[in-house]
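1. Need a 3D model of the sequence below.
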Amino acid sequence: MAMSVDMVCSIASRIPVKSNPTLQSCTPTISSIRNFHNASILSNRRRITKVRSHAGSEVPETVNRAVCPPVRTDIDITAFQTVDLRVGLITEAKPVVDPEMTAKRGKSTVSRTHLQLSVDIGCEIRTVVSECKYAMDVEDAVGKKVLFAANISPRVVLGIRSHGLVLVGLNYDPTPMPRSLKVILPGLGRLPPGSQVLEALIPR
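-> Okay, the predicted model is just below:
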C-alpha cells in the first residue's frame, strides 16, 4: 500500500527515540521528510512552468488575422482525395541555370529561387524543379523529408522537365523581412519515402 508523506511523518513522530541512540541519530532525517517533499514539488512546478513558457514562445497565443490569408473556397473531400500526397526524401540537389537571366547577361546565371531536386517517393525517384531556395539551399537540402504532391502533371520549369511539387509553409506575417519559408516536416522523421499523406483514419 502506498503511503502519503503525512502518514510517513505521523508514524515517524510516534517512534520513541530517546531510549535508542541509533534512532536519535536518525531524528534529523525523519524530521526533514516533509521539507524534502515540499522542495521536490516546487522543483517540479518550476520545471513544468519552464516547459510551458518555452512552448508559448514557439506557438504564439495570438495571430495577426488582418494579414493572414483567407481560407479558399471549400471543396468536397473527394476532390482532396484525388491529390496524391507522399513523404518524399531529397536524395540530390543542384543549382539551376536561369535561361532568361543568362540571355540578359550573356553568361550562365544560376537561379536565385529554384533548385533541381531528386526526390525519392518510394515507388520511384522524381526530378523536380522547385522554387524552394528560400526554404533550403543545395548544402542542406539532401536528406530532408518533405511533403510531396506526386500526381501533378509534368511541366517544363527553367528548361527542365519537372514532375511533382514540393510543399513548403509560408510565413504570412510581413514583420520579418524577407518573409520566411519553411519545409513542412512535422512527424515525417520515421515515415519511409513514399508514405501516403491522408486524412486522419485507422490504418487498414
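2. Helices along this protein, start to end?
-> Ranges of helices in the chain, per DSSP state H, are 5-14, 21-31, 33-58, 77-81, 99-105, 138-141.
3. Give the rounded mean pLDDT of the second one.
-> So the one you mean is helix 21-31. This predicted structure assigns helix 21-31 an average pLDDT of 52.
4. Return the helix or strand in the chain with minimum mean pLDDT.
-> Considering only helices and strands, the least confidently modelled element of the chain by mean pLDDT, DSSP states H and E is helix 33-58, at a mean of 50.
5. And the strand ranked longest in the chain, what's buried?
-> Counting by DSSP state E, the longest strand found in the chain is strand 85-97. Within strand 85-97, the residues that count as buried by 16 or more other CB atoms under 10 Å are Leu85, Arg86, Val87, Gly88, Leu89, Ile90, Ala93, Val96. In short, each C-beta sits where N, CA and C put it, glycine included.
6. export these to CSV and tack on pLDDT and distance to Ile152?
-> Converted to CSV, those look like this (pLDDT from 0 to 100; distance: CB to CB, whole Å):
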residue, pLDDT, distance to Ile152
Leu85, 94, 11
Arg86, 93, 11
Val87, 92, 16
Gly88, 93, 12
Leu89, 92, 18
Ile90, 93, 17
Ala93, 96, 19
Val96, 95, 18
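7. which of those residues lies closest to Arg126?
-> Proximity of the buried residues of strand 85-97 to Arg126 was ranked by CB to CB; the top entry is Gly88 with 7.6 Å.
8. so how far is Arg155 from the closest one?
-> Relative to Arg155, Gly88 is positioned 17 Å away (criterion: CB to CB, to the nearest Å).
9. Equivalent analysis for Ser108, please.
-> Here Ser108 is placed at a distance of 23 Å from Arg155 (CB to CB).
10. now Val110
-> Distance, Val110 to Arg155, by CB to CB: 21 Å.
11. Who has more neighbours out of these two?
-> Just comparing Val110 and Arg155: by other CB atoms under 10 Å the higher neighbour count belongs to Val110, 15 against 11.
12. I'd say the more buried one and Pro95 touch.
-> Yes - assessed by CB atoms under 8 Å, Val110 is found in contact with Pro95 at 4.5 Å.
13. Quick one: low-confidence residue ranges for the protein.
-> By pLDDT under 70, the weakly predicted segments of the chain are 1-62, 174-189, 202-204.
14. I'd like to know how many residues surround the closest residue in space to Gly159 that isn't next to it in sequence.
-> For Gly159, ignoring the flanking residues on the chain, the nearest one in space by CB to CB, 6 or more residues apart in numbering is Pro99 at 5.4 Å. A total of 14 residues lie near Pro99 under the criterion other CB under 10 Å.
15. I am finished for the moment; much appreciated.
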